[in-house]
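Undergrad: Below is the structure, and that's it, no one-letter string:
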């Protein structure tokens, strides 16, 4: 199957987790292949989601989780007033710019995950109605959550792209390989 995700080496849990996150990232990235900025910003359904907006959202979401795990401030932290901007390109943002930003976040995530002493190391979750009080999660949980989060939005991207021009995931994989 063309979407098989190989582990880097038998028993390499970190490598496997990184590979699965990257596979989901690839699905979202491929969703904008061959589209204009206008096509990627369009909303072909009742949903307010667009492909370029999903791309930006998953990149910023990964950065947010990375900064929580690193216990560093998030330079792109959203407020209630700017939350909607995490789902659309604004102020001259472009798909190539968002892709480059996400690539840098992905590299930093991989470097961080490979550098932590143990995947069992934890970090606190921020106070929020959807998190348990005083909860902590592990680095393993972080990576599994990124698989879930990016994968959920990859599914959204599949539906939006098919609504735009009929291209499904396998069509986009073939398009990506033809461009290589």
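TA: Yes, it's here. The structure displayed is predicted, hence computed values, not measured ones.

Undergrad: what sits up against stretch 124-133?
TA: 68, 134-137 (C-beta atoms under 8 Å, 6 or more residues apart in numbering). C-betas here are computed from N, CA, C, even on glycine.

Undergrad: which stretches of the chain form helices?
TA: 13-30, 37-41, 51-70, 95-115, 139-165, 169-179 (DSSP state H).

Undergrad: Excluding sequence neighbours, find me the nearest residue to residue 51.
TA: Excluding its sequence neighbours, the residue lying closest to residue 51 (C-beta to C-beta, 6 or more residues apart in numbering) is residue 40, at 4.4 Å.

Undergrad: pretty sure that neighbour contacts residue 54?
TA: No. In this structure, residue 40 is not within contact of residue 54 by C-beta atoms under 8 Å, at 9.3 Å.

Undergrad: The residue nearest the centre of the chain and residue 106: what is the separation?
TA: Among the residues of the chain, the one closest to the centroid is residue 58, at 3.6 Å (C-alpha atoms, centre = their mean). Separation of residue 58 from residue 106 (C-beta to C-beta, to the nearest Å): 10 Å.

Undergrad: now do residue 23
TA: Residue 23 is 12 Å from residue 106, where distance means C-beta to C-beta.

Undergrad: what's the answer for residue 27, then?
TA: Going from residue 27 to residue 106 by C-beta to C-beta gives 14 Å.

Undergrad: do the same with residue 158
TA: Distance from residue 158 to residue 106, by C-beta to C-beta: 20 Å.

Undergrad: How about residue 144?
TA: Taken as C-beta to C-beta, the span from residue 144 to residue 106 is 16 Å.

Undergrad: Looking only at neighbour counts, state which of those two leads.
TA: Set residue 144 next to residue 106 and count neighbours by other C-beta atoms under 10 Å: residue 106 wins out with 20 against 16.

Undergrad: Provide a list of residue ranges in the chain with pLDDT below threshold.
TA: 1-3, 7-9 (pLDDT under 70).

Undergrad: rerun at 50
TA: Applying pLDDT under 50 to the chain flags the ranges 1-2.

Undergrad: Pull the number of nearby residues for residue 93.
TA: Close neighbours of residue 93, defined as other C-beta under 10 Å, add up to 15.

Undergrad: Looks like it contacts residue 53 (just checking).
TA: No. Contact between residue 93 and residue 53 fails when scored by C-beta under 8 Å: they sit 10.4 Å apart.

Undergrad: Quick check: closest non-adjacent residue to residue 39.
TA: residue 164 is the one closest to residue 39 (C-beta to C-beta, 6+ apart), at 6.1 Å.

Undergrad: what's near enough to touch the one you found?
TA: Residue 164 is in contact with 35, 39, 42, 44, 51, counting by C-beta under 8 Å, 6+ apart.

Undergrad: switch to 10 Å and redo it
TA: Under the criterion of C-beta atoms under 10 Å, 6 or more residues apart in numbering, the neighbours of residue 164 are 31, 35, 39-40, 42, 44, 50-51.
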